[in-house]
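Peer 1: Sequence and predicted structure, then a few things I'm wondering about:
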Amino acid sequence: EPEVTQTPSHQVTQMGQEVILRCVPISNHLYFYWYRQILGQKVEFLVSFYNNEISEKSEIFDDQFSVERPDGSNFTLKIRSTKLEDSAMYFCASTSGQLNTEAFFGQGTRLTVV
Amino acid sequence: KNQVEQSPQSLIILEGKNCTLQCNYTVSPFSNLRWYKQDTGRGPVSLTIMTFSENTKSNGRYTATLDADTKQSSLHITASQLSDSASYICVVSGLAAGNKLTFGGGTRVLVKP
């Protein structure tokens, strides 16, 4: 069964460092998303991406964040200068269509900023 | 502000018993409502998706209901198994651009033998 894969599964970084979280969405999907979940809290929307551009972003997704689809398979989330409060589980998701289509989530990357 | 509220926050049930989880939402305009199962430290896995015209949908031992008028949904788990222990999250999608999902806080279910 096709799945969304994320790497690494766990990343520890020092405050102020840049991190890149990687995702390989399902191959024929067109819409890509990043969500995050701070420990003990709700999953929160960060950004959606379609046709090589951001279609929507939340207030969390400030100038420290960027997304890219550098080739036909990878979808990355970059945090330029990490803060302690960026520590969270980051989930990538993809869908084949826009409305009423199932969203498939990856297993997540646990980011710990120290 | 779009919100999804779930109750109870947690519950413990004995293996083989049934349980019902509740969800209320204020997302508007509404596109669809989903229930996800999330094991600890893992990504959410879809159980059901319902549009406003559907009022019930089943996936094995999971049955979801939707009342779009009152903006309420429920997830019923029948004949619970130990593997049902997880968080169950109600997720609502609006019609706004980007198709973002608004997540509830989840109900943590623990099934005991």
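Peer 2: Everything's here; your move. Numbers count the residues shown, from 1 in each chain, chains lettered A, B, ... in the order given.
Peer 1: Excluding chain neighbours, what is closest to residue 50?
Peer 2: No chain specified, so I'll use chain A. In this structure, A:Tyr50 finds its nearest non-sequential neighbour in A:Tyr31, 5.1 Å apart by C-beta to C-beta, 6 or more residues apart in numbering or on different chains. (Each C-beta comes from the backbone N, C-alpha and C, glycine too.)
Peer 1: Correction: the question concerned chain B.
Peer 2: Per C-beta to C-beta, 6+ apart, closest to B:Met50 is B:Leu66, 4.6 Å.
Peer 1: so the one you found sits right up against B:Asn55, yeah?
Peer 2: Yes. With contact defined as C-beta atoms under 8 Å, B:Leu66 counts as touching B:Asn55 (5.4 Å).
Peer 1: Quick one: mean pLDDT over stretch B:35-55.
Peer 2: Averaged over stretch B:35-55, pLDDT sits at 93.
Peer 1: what's next to that stretch, contact-wise?
Peer 2: Contact with stretch B:35-55 is made by A:4, A:43, A:89, A:91, A:100, A:102-108, A:110, B:23, B:30-34, B:56-59, B:62, B:64-68, B:73, B:75, B:86-91, B:106, as judged by C-beta atoms under 8 Å, 6 or more residues apart in numbering or on different chains.
Peer 1: how close does B:Cys19 get to B:His76?
Peer 2: 7 Å (C-beta to C-beta, to the nearest Å).
Peer 1: How far does stretch B:25-44 sit from its chain's centre?
Peer 2: 6 Å (C-alpha atoms, centre = their mean, to the nearest Å).
Peer 1: same question, stretch A:62-78
Peer 2: The answer for stretch A:62-78 is 8 Å, by C-alpha atoms, centre = their mean.
Peer 1: Show me what counts as buried in that stretch.
Peer 2: By neighbour count with 16 or more other C-beta atoms under 10 Å in any protein chain shown, stretch A:62-78 contains the buried residues A:65, A:67, A:69, A:75, A:77.
Peer 1: what do you get for stretch B:14-21?
Peer 2: Those would be B:19, B:21, for stretch B:14-21 by 16+ other C-beta under 10 Å.
Peer 1: Does it reach chain A?
Peer 2: No. Stretch B:14-21 lies out of reach of chain A by C-beta under 8 Å from any C-beta of the partner chain, never closer than 15.4 Å.
Peer 1: The residue nearest to A:Tyr50 and A:Val47 touch, don't they?
Peer 2: No. Counting by C-beta under 8 Å, A:Tyr31 stays clear of A:Val47, with 11.3 Å between them.
Peer 1: Quick check: bridge partners of the residue nearest to A:Tyr50?
Peer 2: Beta-bridge pairing for A:Tyr31 (DSSP bridges): A:Tyr50, A:Thr95.
Peer 1: how far away is it from A:Glu56?
Peer 2: A:Tyr31 sits at a distance of 11 Å from A:Glu56 (criterion: C-beta to C-beta).
Peer 1: Please say which of those two ends up with more neighbours.
Peer 2: A:Tyr31 (20 against 17; other C-beta atoms under 10 Å in any protein chain shown).
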